[in-house]
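Trainee: here's a sequence, model it:
(4 chains, ligands or ions: 6)
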Amino acid sequence: MLPVTIAGQHFPSPILNASGCFNPENFNRMFPLKGTLGGIVTKTVTAQHQVGNAQYRTVELPGIGMLNSIGIQNAGLDHFLDHDIEQFREYKIPIILSISANSSQKFAQMAEKVVTHPNGKWVDALELNLSCPNIDEGGVHFGVSPISVKQAVQAVCQIFSKPVFAKLTPNVTNITEIGGAAIEGGAHALVAINTVLGLDIDVKLKKPVLERVSGGYSGPGIRPIALQAVWQLHKHFPETPIIAVGGICNTEDALAFFMAGASMIQIGTICFRNPLIFQEIHQQLLQYLDAQDLADISELVGCAHQNVDNPQKIFC
Amino acid sequence: MLPVTIAGQHFPSPILNASGCFNPENFNRMFPLKGTLGGIVTKTVTAQHQVGNAQYRTVELPGIGMLNSIGIQNAGLDHFLDHDIEQFREYKIPIILSISANSSQKFAQMAEKVVTHPNGKWVDALELNLSCPNIDEGGVHFGVSPISVKQAVQAVCQIFSKPVFAKLTPNVTNITEIGGAAIEGGAHALVAINTVLGLDIDVKLKKPVLERVSGGYSGPGIRPIALQAVWQLHKHFPETPIIAVGGICNTEDALAFFMAGASMIQIGTICFRNPLIFQEIHQQLLQYLDAQDLADISELVGCAHQNVDNPQKIFC
Amino acid sequence: MKQHPNPLYDYPCTVIENKRVGKGLKLMRIRQVDGIIPQAFKCKPGQFVMVDLPTEQFFFRRPFSLLWVDADGAMDLYYKVVGKGTTMMEAIKPGSPIKVLGPLGSSFTKPQDPGNALFIGGGIGIAPLYFLGKKLQKQGVAMPRCFYGVRSQNEIGLLGELKQVFGENRIMISTDDGSHGTHGNVCQILSAEKEAVQQAKEAYICGPTPMMQASVNLLKSLNPNIRIEVSLEEHMPCGTGACTGCVVGRRDQPLPSKVCLNGPVFEAGQILWPDEGLCVSDLNHKEQVSCSL
Amino acid sequence: MKQHPNPLYDYPCTVIENKRVGKGLKLMRIRQVDGIIPQAFKCKPGQFVMVDLPTEQFFFRRPFSLLWVDADGAMDLYYKVVGKGTTMMEAIKPGSPIKVLGPLGSSFTKPQDPGNALFIGGGIGIAPLYFLGKKLQKQGVAMPRCFYGVRSQNEIGLLGELKQVFGENRIMISTDDGSHGTHGNVCQILSAEKEAVQQAKEAYICGPTPMMQASVNLLKSLNPNIRIEVSLEEHMPCGTGACTGCVVGRRDQPLPSKVCLNGPVFEAGQILWPDEGLCVSDLNHKEQVSCSL
Ligand SMILES: Cc1cc2nc3c(=O)[nH]c(=O)nc-3n(C[C@H](O)[C@H](O)[C@H](O)COP(=O)(O)OP(=O)(O)OC[C@H]3O[C@@H](n4cnc5c(N)ncnc54)[C@H](O)[C@@H]3O)c2cc1C
Ligand SMILES: Cc1cc2nc3c(=O)[nH]c(=O)nc-3n(C[C@H](O)[C@H](O)[C@H](O)COP(=O)(O)OP(=O)(O)OC[C@H]3O[C@@H](n4cnc5c(N)ncnc54)[C@H](O)[C@@H]3O)c2cc1C
Ligand SMILES: Cc1cc2nc3c(=O)[nH]c(=O)nc-3n(C[C@H](O)[C@H](O)[C@H](O)COP(=O)(O)O)c2cc1C
Ligand SMILES: Cc1cc2nc3c(=O)[nH]c(=O)nc-3n(C[C@H](O)[C@H](O)[C@H](O)COP(=O)(O)O)c2cc1C
Ligand code: FES
Ligand code: FES
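Mentor: Ligands and ions are numbered 1, 2, ... in the order given. Alright, predicted model coming up:
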């Protein structure tokens, strides 16, 4: 059985898309995703529309993944609720709205708008993208400060009564500290990880490839980093569901994340190459459960922690 | 011209091996490294011998690199100075001794031993591996605390009058803060980066592959992360030489690091597959300088920073 | 044959032919294999497919315009070997499997006055124009004039095919090195045909961005009322509108458009050329969050 | 031919043959191509090479014992297809280039009493023993007894070659499934030859670790004075002693040894078997830094 329930919300499958890596319009034309996707995560939406960054916004990193610096191009929350949410509803699966703001107050205002807008009822969960600067903290990114994270999550949870997921950045010294703060703030699940800070240089042009110099690294090369994050978060917070994201490219990767402690997974970069990946993993997970005589995917969650011979040796 | 001088120390080439990834015994048997290597960095040495971790100590990550958790197996500083240093001397190039300790005081004691030992004069520079726990800070790793880093570097610099390099861990929120602390402590150059924390799970066995669960991620997959670190460090500390390490696999990678601000490079994981890589890059760098009509590799160092159109747009 | 319910699909195909047709120029013929009616091939000129590269390593797919599609589901791609991906494609042997995702994107509007329409192609950009031309030819309408600029004679590639479609007299070629046709670029052959430009109701352009921009400026200066469609190229990680990586700034709306989803064919007047500030983040309202990710 | 100054080298070679010799078992014959005298092939039984896999992706090389080396520089590898790397090797066509780094590691000590020596091989572990045996044969000395355990008849692979080297009567085979020779494992055929074991001055063992450990225990119990050499297997990222990844704990010294540099051949009494605590970090002095990197 693949369906999972997190914080009272039922998802028909543990497979989600990663925010910013999925287009319901084209993907739905291509094949019936219903039944393979457990829900849809929107591209991050901001209060007002955002134009995004100049080209180039992406770099291919052969073999290891890509960098992106899109700049959260989006039409704004009003537009999303007035118009865009419609196309997500066609899937008839939970809609997870990813939002971002530059202060806790703005996060709260966005939650407020969702709650009061007539179409807001179609939003089944909020995912907080905490990778953006917090103007109350002098522009330091939300995700690197435990206090900011806690405040943002708290602000949203006070208004929005359905599940709230905190998406963590890996660009921190200690991700469990940030995860703990999100949980204190009331987060119902942790999403780990957002992109890793990276850079690439065009050696011919002698300059960074991305117009914005640095960008977010995603794809197969960040899998070991994401797996480490999920492992540590599950170890510290075994009660909190974790939604794993980062470099998941196939069923074996997905299984590793479940075993490390993830209750659900999100798939990003690889679906650019293989848009059928959602179905493939869905089908192969079912086969795996069958072959292993497991009744439910939840039986796998975190199982690798029990098989560490000498847990006290984990840290050096 | 490839020779470089850092803090008064001459290196016949800007190419070094990465600590822990090179065996002078076998590599010298294989081909004359003299002239292609600018110096030799030792495996990290500790005050007393260390047995290292149990197997498995390494994991191959196809396509992206590897994880290691060796545990700094080494025979200790006395043994190094009494015996091992001899085989390094055969190369007739600078010897960079990598040391690690669990307190600033112990770092100082190690420096003291180098200075007073009769063979200590063969040590041309010290590289401080700051990735280990600092018992004075309750076991938090040196490399994540600016104060610890500054103290360790300072302690060593007060005793050892030749160049001291601080090797930075990327597993921090802000590597420029750490780099700045090392410079304040007196570091003559920054080595960036050590391995990235990562984990892999054996899905068949349902447990982490490494006996010690987590390990250090190295190889092609960390190149964008290392490049980002070098870029930021050079941007903030244009006067401080940077020795780049992390995922450098070929000449194009090497050039990218020079352009991002590295004065020298170190090569690690890739030499396990291709031990001739040192010569290959050496030769191709000479060809590149020729083709570009550049007199000296130093003309490339940091050149990509001048070609950023709109520097104020760099940060989001 | 089974009818596939959706027109967009990731088609498992077989490479039938992959032949050299000029300096660094290849023609690849592929056919879908899974017994589904070739809906992908019911596509329109200007649309493209995302070709999956034959490698286990992570690589993005590569976008290629459709050069032609047969009723039975075989299709042609006309490509230039320029980098890692096309070098991999060049080595594919007939009989090999290949996956193409498509058809993607917008298509050219059918010309209302085809006999006076202008087709302006640069280099490999001729592919979608050939497709549109051949469709018109099959419909038996009057054929447009085709202006085609390439670097050198050996890079013309499909000369015979182009003449067959547009007619010997209606195809004008310029080469940068003067080795064939007019010595110069496509704007020079356009300028030489002022009357044709002034008579045209519509123009279709596909080629390198500077060539397209120069052509648009020239056309507009000679014939302000002409309706121009351009087919844009951008880095395309996904090709399906999923990543927002391939955008072009718009004159007529605040947000940039996705080239893969809203394009690649745009009305020339709608878009901002790169030097006009593609979509700079300075346009963001100051009070908004501005995040590079 | 040029003489290479150093005996260790990364030899560019050509695959001459790559044939199936049993269930999942392959024999690869390669020859070096660069006109340098095959110093690598002046190697001793027990030594190994690191084979570079035919892929652009990052992969470690894979270690393989030398099965045999000709005077003219051709060499044989005998390998079992077990995972990603060997699957890539399996597909290599004759004529393809391949790089092998070697010769690496320690070798077997020449037996002093070869006629009474015991060769004990498990599965693919027969390779270095075959090499040593064939060398002895060429030297015309009395031949040792060879005890060879495999899972099943179709996994014997080199039966003809082994009989030719050791002699029909001096090779004893066990199969787990009883399909050939004695039904059981190699310890069972050893126990059945108590006298031979008690007469032996030396034994050479190569095979899966549990099989080696069991054999060592059996030999020691029957003949406490026997000198035993084992050839170990470990994950080997580099094969050159550079990474310290491939270690085995020692009975006789505080630090573990690198299997690739100090081994793969060790005296059995020197090493700790995995279940004896290979090299656990608990052995570290408490006051030392303990770091996993
Ligand atoms: C809608 C569309 C239709 C196209 N039709 C054709 C066609 O019919 N024939 C043809 O030869 N080419 C066509 N191109 C261009 C073709 O996609 C590129 O030449 C090809 O992707 C280059 O791949 P590469 O790996 O060989 O080059 P590289 O330069 O090695 O590619 C590196 C990266 O840059 C990207 N890239 C480089 N140049 C371009 C470019 N001009 N456009 C988009 N991405 C680029 C690649 O996708 C890749 O991510 C089209 C592009 C688009 C967007
Ligand atoms: C000194 C030495 C000599 C060897 N000689 C032979 C030989 O003659 N014939 C033969 O068939 N095999 C030999 N082996 C074992 C052979 O190296 C492995 O079977 C092979 O590396 C497996 O590669 P794979 O990619 O197919 O397997 P995978 O299991 O996919 O390999 C994954 C990783 O595990 C490592 N690995 C897995 N199993 C082993 C193992 N048993 N030993 C070392 N590394 C392993 C690989 O190097 C790789 O890093 C030898 C090993 C050593 C150390
Ligand atoms: C092109 C692109 C756009 C993205 N946009 C967003 C976004 O808007 N909001 C967000 O939270 N994460 C965004 N991400 C991050 C992904 O959701 C995901 O966390 C990351 O890519 C790691 O997963 P992957 O390796 O599977 O891609 C984006 C990633 C990519 C590649
Ligand atoms: C097997 C192995 C052992 C290492 N040992 C050390 C060490 O002892 N001291 C140290 O400072 N870094 C050590 N490193 C880190 C490397 O020096 C280097 O910083 C890192 O591997 C990134 O470079 P690469 O991607 O080129 O390998 C080790 C790395 C590997 C792979
Ligand atoms: S290529 Fe991804 S949105 Fe266009
Ligand atoms: S394999 Fe690297 S030290 Fe032995």
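
Trainee: okay, CA-based contacts and neighbour counts for the rest of this
Mentor: OK.

Trainee: the helix or strand harbouring C:Ile120 pairs with which strands, parallel or anti?
Mentor: Using DSSP states H and E, C:Ile120 sits in strand C:118-122. Strand C:118-122 pairs in its sheet with strand C:145-150 (parallel), strand C:202-206 (parallel), by DSSP bridges.

Trainee: how about the helices of the stretch 151-300 of chain A, start to end?
Mentor: Using DSSP state H, counting those that start in this stretch, the helices of the stretch 151-300 of chain A run over residues A:175-184, A:223-236, A:251-260, A:270-273, A:277-292.

Trainee: quick one: which of those is nearest ligand 4?
Mentor: helix A:223-236 (13.9 Å; Cα to the nearest ligand atom).

Trainee: so which elements touch the closest one?
Mentor: helix A:175-184, strand A:189-192, strand A:242-245, helix A:251-260, strand B:196-199 (3 or more Cα pairs under 8 Å, 6 or more residues apart in numbering or on different chains; DSSP states H and E).

Trainee: let's see that with 6 Å instead.
Mentor: Counting contacts by 3 or more Cα pairs under 6 Å, 6 or more residues apart in numbering or on different chains; DSSP states H and E, helix A:223-236 is packed against strand B:196-199.

Trainee: could you dump the strands paired with strand C:118-122 into a markdown table with mean pLDDT, mean neighbour count and distance to B:Asp78 added?
Mentor: Shown next, in a markdown table, are the strands paired with strand C:118-122 (pLDDT from 0 to 100; neighbours: other Cα atoms under 10 Å in any protein chain shown; distance: least, Cα to Cα, whole Å):
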| stretch | mean pLDDT | mean neighbour count | distance to B:Asp78 |
| --- | --- | --- | --- |
| strand C:145-150 | 94 | 27 | 71 |
| strand C:202-206 | 97 | 27 | 71 |
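
Trainee: what score does C:Val280 have for pLDDT?
Mentor: What the model reports as pLDDT for C:Val280 is 34.

Trainee: that should have said C:Gln32, apologies.
Mentor: 84.

Trainee: could you do the one 5 residues further on as well?
Mentor: Predicted confidence (pLDDT) at C:Ile37: the value is 54.

Trainee: circling back to that earlier point, what's the closest of the strands paired with strand C:118-122 to A:Asp82?
Mentor: Set against A:Asp82 and scored by Cα to Cα, these come closest in strand C:202-206, at 35.8 Å.

Trainee: contact partners of the closest one?
Mentor: The contact list for strand C:202-206 (Cα atoms under 6 Å, 6 or more residues apart in numbering or on different chains) reads C:Ala117, C:Leu118, C:Phe119, C:Ile120, C:Gly121, C:Gly125, C:Ile226, C:Arg227, C:Ile228, C:Glu229, C:Val230, C:Ser231.

Trainee: what's the farthest-apart pair in the residues you listed?
Mentor: Farthest pair in the contacts of strand C:202-206, by Cα to Cα: C:Gly125 and C:Ile226, 20.6 Å.

Trainee: more neighbours, the two?
Mentor: Between C:Gly125 and C:Ile226, C:Gly125 has the larger neighbour count (other Cα atoms under 10 Å in any protein chain shown), namely 24 against 19.

Trainee: surely the more buried one meets C:Thr209?
Mentor: No - contact criterion Cα atoms under 6 Å: C:Gly125 and C:Thr209 do not qualify, at 10.2 Å.

Trainee: picking that back up, anything in the strand holding C:Ile120 near ligand 1?
Mentor: No - Strand C:118-122 is not in contact with ligand 1 by Cα under 6 Å from any ligand atom; minimum separation 11.1 Å.

Trainee: how about residues contacting that strand?
Mentor: By Cα under 6 Å, 6+ apart, strand C:118-122 touches C:Pro144, C:Arg145, C:Cys146, C:Phe147, C:Tyr148, C:Gly149, C:Val150, C:Ala203, C:Tyr204, C:Ile205, C:Cys206, C:Gly207.

Trainee: okay if I get those as a markdown table plus distance to ligand 2?
Mentor: Output for the contacts of strand C:118-122, formatted as a markdown table (distance: Cα to the nearest ligand atom, whole Å):
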| residue | distance to ligand 2 |
| --- | --- |
| C:Pro144 | 59 |
| C:Arg145 | 59 |
| C:Cys146 | 56 |
| C:Phe147 | 55 |
| C:Tyr148 | 52 |
| C:Gly149 | 51 |
| C:Val150 | 48 |
| C:Ala203 | 57 |
| C:Tyr204 | 53 |
| C:Ile205 | 51 |
| C:Cys206 | 47 |
| C:Gly207 | 46 |
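
Trainee: which residues touch C:Phe176?
Mentor: No Phe there; residue C:176 is Asp. C:Arg151, C:His183, C:Gly184, C:Asn185.

Trainee: what's the burial count for the second one?
Mentor: Number of residues near C:His183 (other Cα under 10 Å) recorded here: 18.

Trainee: now do the contacts for it.
Mentor: C:Ser174, C:Thr175, C:Asp176.

Trainee: alright, calling it a day.
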